[in-house]
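need coordinates for the following:
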Amino acid sequence: MATTKPKKWIAKATKNKGALHRHLGITVGQRIPVATLRTASRRGGLIGREAHLALTLRGLNRKK
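Alright, predicted model coming up:
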C-alpha cells in the first residue's frame with residue numbers, strides 16, 4: 001500500500017503567520033525561546049502541534 005504525501009505540506013502548515021506568537025503571548029517579530037517551544041509542544045491541541053512543528057522546522061534552516 002503506497003501513500004502519497006501532499007506536495008508543499010510546509011506551506012500549507014504555516015499559513016497563519018504569527019499564530020504561535022499570539023497563542024503564546026509573545027510579540028510578533030521576537031524569537032520564541034526554545035524552552036518555551038518545548039513546554040508548549042507538550043500541550044495538547046493546536047498550540048502543541050504548532051510548537052512541535054516550529055521545533056521541527058527550526059532544524060531545516062541550519063547550514064550543514
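
Ile10 touches Asn61, doesn't it?
No - counting by CB atoms under 8 Å, Ile10 sits too far from Asn61 to count as a contact (11.4 Å). No exception for glycine: its C-beta is placed from N, CA and C like everyone else's.

comparing the two, which residue is more hemmed in?
Legend: neighbour count by other CB atoms under 10 Å for Ile10 and Asn61, higher for Ile10 (10 against 6).

quick one: residues contacting that one.
Going by CB atoms under 8 Å, 6 or more residues apart in numbering, Ile10 touches Leu57.

just say helix, strand or coil for it.
Remark: Ile10 carries the secondary structure label helix [criterion: DSSP: H, G, I helix; E, B strand; the rest coil].

how many neighbours does Glu50 have?
The number of residues packed near Glu50 is 22, by other CB under 10 Å.

leaving out sequence neighbours, find the closest residue to it.
Take Glu50 and drop its neighbours on the chain: the residue closest to it by CB to CB, 6 or more residues apart in numbering is Leu20, 4.5 Å away.
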